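Peer 1: The amino acid sequence is not available; the structure is as follows:
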């Protein structure tokens, strides 16, 4: 009996979820490459992502919280934060109640650098957006967001 969730034309008629995630991973790799090429000199994708997090969420986070959010090791996040701090893009302050802990927030220079990065990255995907059309993009966004929320919830368990 044929699997109703198999996707014809994929390797061994992959299950729907495998075919979908394969497409998402391929898109992610293309997007990362294009974004990295478009970012201003000296800015890495990890820097852009941290600054984007602060631009959207505001506030402060500990390095450990940021490592969890971005699903990287504490060491990798420490390296990213050190580079952002060296560039003047973030503020790092001690926790006044627990001197072992630090808090990170975006600086004005960091948010301005992120805006320059957004301006550099946006044209890279404008042709794609034009070809797909805003209606298709708007229709995709809630589904992709819901998938991310479900995956995030699963990680927190």
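Peer 2: Nice, I can see it. Note that the structure is predicted; figures quoted are calculated from it, not measured.
Peer 1: measure residue 60 to residue 36 for me?
Peer 2: The spacing between residue 60 and residue 36, counted by Cβ to Cβ, to the nearest Å, is 27 Å. Heads up, the C-betas are built off the backbone N, CA and C, glycines and all.
Peer 1: scratch that, residue 62 is what I was asking about
Peer 2: If you measure residue 62 against residue 36 using Cβ to Cβ, the figure is 27 Å.
Peer 1: swap in residue 114?
Peer 2: Using Cβ to Cβ, one obtains 15 Å as the distance from residue 114 to residue 36.
Peer 1: Can you tell me the element the residue nearest the centre of the chain falls in?
Peer 2: Taking Cα atoms, centre = their mean, the centroid of the chain lies closest to residue 49, which sits 5.1 Å from it. Taking DSSP states H and E as the criterion, residue 49 maps to helix 45-57.
Peer 1: elements contacting that helix?
Peer 2: Using 3 or more Cβ pairs under 8 Å, 6 or more residues apart in numbering; DSSP states H and E as the contact criterion, the elements in contact with helix 45-57 are helix 16-38, helix 63-70, helix 74-86, strand 102-106, helix 108-132.
Peer 1: what's the angle from the last one to strand 102-106?
Peer 2: Between the axes of helix 108-132 and strand 102-106, defined by axes from the mean of the first three to the mean of the last three Cα atoms, to 10 degrees, the angle is 60 degrees.
Peer 1: and after helix 108-132, which helix or strand comes next?
Peer 2: Helices and strands here follow DSSP H and E; after helix 108-132, the next one along the chain is helix 134-156.
Peer 1: model confidence over that following helix, on average?
Peer 2: With pLDDT averaged residue by residue, helix 134-156 scores 87.
Peer 1: Next, find the distance separating residue 116 from residue 38.
Peer 2: With distances defined as Cβ to Cβ, the gap from residue 116 to residue 38 amounts to 11 Å.
Peer 1: Compare these two (neighbour count), which wins?
Peer 2: Neighbour tally, residue 116 and residue 38, criterion other Cβ atoms under 10 Å: the higher count belongs to residue 38, 17 against 12.
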